[in-house]
Structures are given as structure tokens and as C-alpha cells.
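Undergrad: this one's structure only:
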Ligand code: NIG
Ligand code: FE
């Protein structure tokens, strides 16, 4: 089945020679084609280019009639890749939100047994089917907001049974949703209450009990540790990463959100696919990242929501690093998976240019979740995940109009998902 989109005002992120990642200064450049067509066949991008003369439109796809969409001058983007979320969770945490308004910090709340432990309690009390239903609602929401690939972490289980429950829900989403899903095991997200007086015992459970079962059921692509002040130390992080690596789980870690934890350097040392957060990043962290394959992945939604300092994206880009952006969708520090809003925060708070944020939520974010060969740009042979915008005057208008829904049609694996057909 083919789908031909004609009269595209601007085809964004179109590549004849697909790249793995876009670093440094190159991030300010975006490949676009004005007055373009895009041809999708059997879920794959097969061709694109300048629109031919009106009487020759048929020559674009001579053999099959298929479906034709007239984009009438609007923009077509590759779907967003969101390489860091915790969107499988139970309930919500707006009580903590109110607590923070009254002056408590995220760390105060965690110390008092709220935060991640609160979500773990809610998740424990929620049946797997209910957890799946709640999570699918979030998936449907992010699809409508333009996301076509998403990484999802466990980490609200904090015991073997509940971690497996989360990872099985992630697998069910992966099997049933048109979105591309990657799963990350994050058993080391917090020390559960019962292990507070013997944290090493919990680390042992993660290493000797959880990781082998997760691996035997093939439930995780990646392994994550919350390597930060008040959470997991460098030594604990290294032990857990090594245990995961033995089973082929590639590291992708939380680092330097709350302190200069050494997490960035540890991630690089273990060849992590990405190090994420990085609100506390100085020269040493940037130096460690230069020359490595590890992608700094910034989460401006959580810095915004928690009132943290923003990571120094400009310094990173000016030092030649590639930067990816992600939503961090979770109930405590970023209860939104809206990547368009993340783009606006990237511009306003991280001082990234509109072109840079587009690169950061497409190719670079695909790379940060191991998907740049198949997702993240308009290239022949890549998965046909795109969206068509509403009418807008320029590319910059997209992150500028930060509260407007500018997405008109969503196409995933070559099928029109939004508007839904009866
Ligand atoms: O990425 N920082 C650690 N984990 C999540 C927050 C989890 C939560 O508060 O529920 C994050 O911000
Ligand atoms: Fe996170």
C-alpha cells in the first residue's frame, strides 16, 4: 500500500545520505526541501524530492495508485524520537507538586519517602492490566503530539516482581502500538524503604536477581542507574552496569541532575549510549564527552518543572558535541511527553536555535536510543513515521507557538493514525 504526499511546503530533515548523529556547529543546519513530495510504501520511506511539474505528478509513483494527500504548502517533519521516558507509571503525584509550591524540594520529598518510592507503592497496588491501560493512554497522547519512537524505563517496581510487571507492560506496548519502543531496565532508580539500612543488599538484588531474570525474558535493551547525589554512587553504578553489560544491556544512565556526581564520566567509561539530565555539567564533564560516542541527552522539561538550573547546552554544542533532547515523561519531575513543548524549552531555556532543536529531537534523539539507522529523518529505507503540520509561516513558528497544537496529521509505519478513520 502506498501513500503519496504532494505539495509539501517544506520537507524537514530530508537526507540523501543518512547520518548517525549531528554534532556541534552542524546542528544549526537543517536539510529541507521546499515544494516537495514524499512517497511511503509498505511502511517505509521510498522516495522524496522536489515536486515535478503539475502534469507530471503521476510520474512520482507510476505503478500504484495508492492514497494521495495534498499537504497544500504545509510542513512535513519526521516523527519525534523521545529517548528518555518513564511513562509506565501508576496514578499521579500532584500532591508533591503542591508541596513543592509551598517550598519543599524534590530531594526533601524523596527523603520523606515520597517521590519515586511513592510511585513504587502506587505501582505495587496496581494490577498489570490496569497499568497497561493507563500507560496506553499516555502513548496515545504522545502519538497525537508527534512522537513516533519512545524509550521507556522500568524503575517504579524496586522489587523483582514489580520491575518485571513494568517491563512486561512495556513489551505489550511495543507489540501492540504503532510507535517504536525501546525498553530500559532501571531497577537502580531508588533504594526501597526496606533496604535503607543495608543499601548494598539492594544493589546485590539488582545484580544477582533482577538482571538475570530480565535478561532471560529478554525484557530490556538498555540498563540505567540513577547515578546522583542521594541515589546511587559511582561504585554502585559501575557494579550494576557491568552486570548488565554481561547480558548485552547497553548503559544509558541518569547523571548529574542533582550534583556533580561523576555520572557523566562513568557513563563515558562504560561506553553508554547516552548520559541524561546533566543539569550539573562543567568543563570536566564536557571534556569527558568529547571524542566519545555517548550522547548528552538533556531533559529541559524536568529542569523547568523542578526549578533546577538548566544544563549548559550552548557550551556543549559550541564544544562540538551532539545534543539530544527528551521529555523524561514521568509523574514526579516531568509529567508531560510533549516533545513540541520540549523544543520550545530547548530554545527558550537552553538557548538552542530552532534548527538545533529539530536536530535534537529527530536524528540525535534517535541515536540516543539506538535507532538512527531506521528513524529520526526522512531518508529512503527508513520507517515511514512523519507528521504534517497545520498551516504555519516558518519553521521557527513551530517552537515559537509553544502552546498551540500545530500537528494536523500523524502517519506511523506508513499509515494515517491521526485523524483516526472509523
Ligand atoms: O528522570 N531523576 C530520576 N528519575 C526521574 C524522576 C522520577 C520521579 O520523580 O518519579 C527523572 O527525573
Ligand atoms: Fe528520567
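TA: Nice, I can see it. The shown structure was predicted, so the numbers you read here are calculated from the model rather than taken from an experiment. Ligands and ions are numbered 1, 2, ... in the order given.
Undergrad: Identify the residue of the protein closest to ligand 1, quick one.
TA: Using C-beta to the nearest ligand atom, the closest approach of the chain to ligand 1 is made by residue 332 at 2.2 Å. Where you see a C-beta, it was placed from the backbone N, CA and C, and this is true even at glycine.
Undergrad: That residue: what's it in contact with?
TA: Shown in contact with residue 332 (C-beta atoms under 8 Å, 6 or more residues apart in numbering): 93, 96, 106, 115, 116, 118, 119.
Undergrad: Quick check: which of the residues you listed are also close to ligand 1?
TA: Among those, the residues within reach of ligand 1 (C-beta under 6 Å from any ligand atom) are 115, 116, 119.
Undergrad: pretty sure the first one contacts residue 104?
TA: This points to residue 115. No: between residue 115 and residue 104 there is no contact under C-beta atoms under 8 Å: 10.4 Å.
Undergrad: for the contacts of residue 332, which one is nearest residue 278?
TA: residue 106 (16.2 Å; C-beta to C-beta).
Undergrad: Tell me the pLDDT of that closest one.
TA: Per-residue pLDDT puts residue 106 at 88.
Undergrad: Could you do residue 65 as well?
TA: Residue 65 carries a pLDDT value of 69.
Undergrad: what does the one 10 residues further on give?
TA: Reading off the per-residue confidence, residue 75 sits at a pLDDT of 98.
Undergrad: Would you report the backbone torsion angles of it?
TA: When read as degrees, to the nearest 10, the backbone of residue 75 gives phi -90, psi 150.
Undergrad: residues contacting it?
TA: Neighbouring residues of residue 75 by C-beta under 8 Å, 6+ apart: 8, 9, 10, 11, 12, 388, 389, 392, 395, 398.
Undergrad: Show the buried residues in the ones next to ligand 1 among the contacts of residue 332.
TA: 115, 116, 119 (16 or more other C-beta atoms under 10 Å).
Undergrad: Reformat these as CSV; add pLDDT.
TA: Shown next, in CSV, are those (pLDDT from 0 to 100):
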residue, pLDDT
115, 93
116, 94
119, 97
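Undergrad: just checking, which of the residues you listed belong to helices?
TA: Counted as lying in helices by DSSP state H, out of those, are 116, 119.
Undergrad: tell me which of the buried ones among the ones next to ligand 1 among the contacts of residue 332 is nearest to residue 1?
TA: Nearest to residue 1 out of these is residue 119 (C-beta to C-beta; 41.3 Å).
Undergrad: thought the closest one was touching residue 333?
TA: No: the pair residue 119 / residue 333 is not scored as a contact, 11.0 Å apart, by C-beta under 8 Å.
Undergrad: buried stuff in the helix or strand bottoming out on mean pLDDT in the chain?
TA: Ranked by mean pLDDT, DSSP states H and E, the weakest helix or strand in the chain is helix 106-111, scoring a mean of 88. In terms of neighbour count (16+ other C-beta under 10 Å), helix 106-111 has its buried residues at 106, 107, 109, 110.
Undergrad: Same question for stretch 78-90.
TA: Applying 16+ other C-beta under 10 Å to stretch 78-90 flags 78-90 as buried.
Undergrad: ok, now stretch 392-402?
TA: Under the neighbour-count criterion of 16+ other C-beta under 10 Å, stretch 392-402 has 392, 395, 398, 399, 400 buried.
Undergrad: Dump these into JSON lines; add distance to residue 314 and pLDDT as well.
TA: JSON lines is the format used below for the buried residues of stretch 392-402 (distance: C-beta to C-beta, whole Å; pLDDT from 0 to 100):
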{"residue": "392", "distance to residue 314": "26", "pLDDT": "98"}
{"residue": "395", "distance to residue 314": "20", "pLDDT": "98"}
{"residue": "398", "distance to residue 314": "20", "pLDDT": "98"}
{"residue": "399", "distance to residue 314": "16", "pLDDT": "98"}
{"residue": "400", "distance to residue 314": "19", "pLDDT": "98"}
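Undergrad: what's the closest of those to residue 185?
TA: Closest approach between the buried residues of stretch 392-402 and residue 185, by C-beta to C-beta: residue 399, at 32.9 Å.
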